[in-house]
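Asks: sharing a model prediction with you, sequence too.
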Amino acid sequence: MKAPRRSIEIAVDGLPAPRWRKGLSRFCAAALTAAGFSQWEISMLLCDDRKITELNGRYRGRNRPTDVLSFPGDGAGTGVVAGDIAISLDTLRRNAAAFGVSEQEEVKRLAVHGILHLAGMDHGRGKGRKMLALQERLMEELKTVRIIRE
C-alpha cells in the first residue's frame, strides 16, 4: 500500500529562520493526520508583522498585522487539498505573552488554526464553536508533540 502523499513546506521572510522549523513541519504532519487530512500538501510562511500586514491588506482589505492567515488551494478532484498558511512570529510572541502560554504552544495553536481554515472551517458568527472546539481537541491530542527542543 502506498504511503499517504503529504508535504509541508516552510519558508521564512523578513526574519532569521527559526531553528525549530523542522519541528514545526513534524508537528504539522501530525496535526494533518490527527485532523484526518493525511493527503494534504501545505506551504507555510513564517514572517514578521510587516509582511503579514501586507498580505492581510492585499487579501482581506485589513491594513494591520494578524497572527495567522490561510489561503485554501484548489485541490478539486485531486484528492489533495493544498493551501498556504502565513504566521507572523512578531504577533505570535505578543499573543503568547498576552495569553500566558509558551511560544511553542502558540505556534502549535496557530498552525492548527490555519489548517482548520484550509479545511473550510470558520469561527465567525455562531459557526466558531465547532471549529474552536476541534482546535482545542487537536491541541490536547498533540500536546506531547514537541516543536522546540528545550
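Replies: Arrived safely.
Asks: and stretch 7-19, how far out from the chain middle?
Replies: Mean-position distance between stretch 7-19 and its chain equals 13 Å (C-alpha atoms, centre = their mean, to the nearest Å).
Asks: number the residues from 29 up from this point.
Replies: With 29 as the first residue, the last one maps to stretch 35-47.
Asks: and the end-to-end length of that stretch?
Replies: Using C-alpha to C-alpha, to the nearest Å, one end of stretch 35-47 lies 19 Å from the other.
Asks: what do you get for stretch 67-87?
Replies: 26 Å.
Asks: what of stretch 41-60?
Replies: Where stretch 41-60 begins and where it ends lie 24 Å apart, using C-alpha to C-alpha.
Asks: buried residues in it?
Replies: By neighbour count with 16 or more other C-beta atoms under 10 Å, stretch 41-60 contains the buried residues 42, 46, 48, 51-53, 55-60. C-beta here means a position set from N, CA and C on the backbone, and glycine is covered the same way.
Asks: quick check: which element contains the residue sitting nearest the centre point of the chain?
Replies: Centroid-nearest residue in the chain, with C-alpha atoms, centre = their mean: A139, separated by 2.3 Å. Here A139 sits within helix 131-146, counting by DSSP states H and E.
Asks: the closest residue to P46 other than its chain neighbours bridge partners, please.
Replies: Nearest residue to P46, sequence neighbours excluded (C-beta to C-beta, 6 or more residues apart in numbering): L74, at 6.7 Å. Beta-bridge partners for L74, by DSSP bridges, are V40, I115.
Asks: can you pull out the strands in the chain?
Replies: 35-41, 69-75, 96-100, 110-116 (DSSP state E).
Asks: could you work out the most separated pair of the buried residues of stretch 41-60?
Replies: Pairwise distances across those (C-beta to C-beta) peak at 27.1 Å, for the pair G42 and A58.
Asks: got any ranges where this protein has weak pLDDT?
Replies: Within the chain, the segments meeting pLDDT under 70 span 29-33, 103-109, 152-156, 178.
Asks: check contacts around the nearest residue to A124 once chain neighbours are set aside.
Replies: Once flanking residues are discounted, A124 sits nearest to E134: 4.1 Å by C-beta to C-beta, 6+ apart. By C-beta atoms under 8 Å, 6 or more residues apart in numbering, E134 lies in contact with 120, 123-124, 127.
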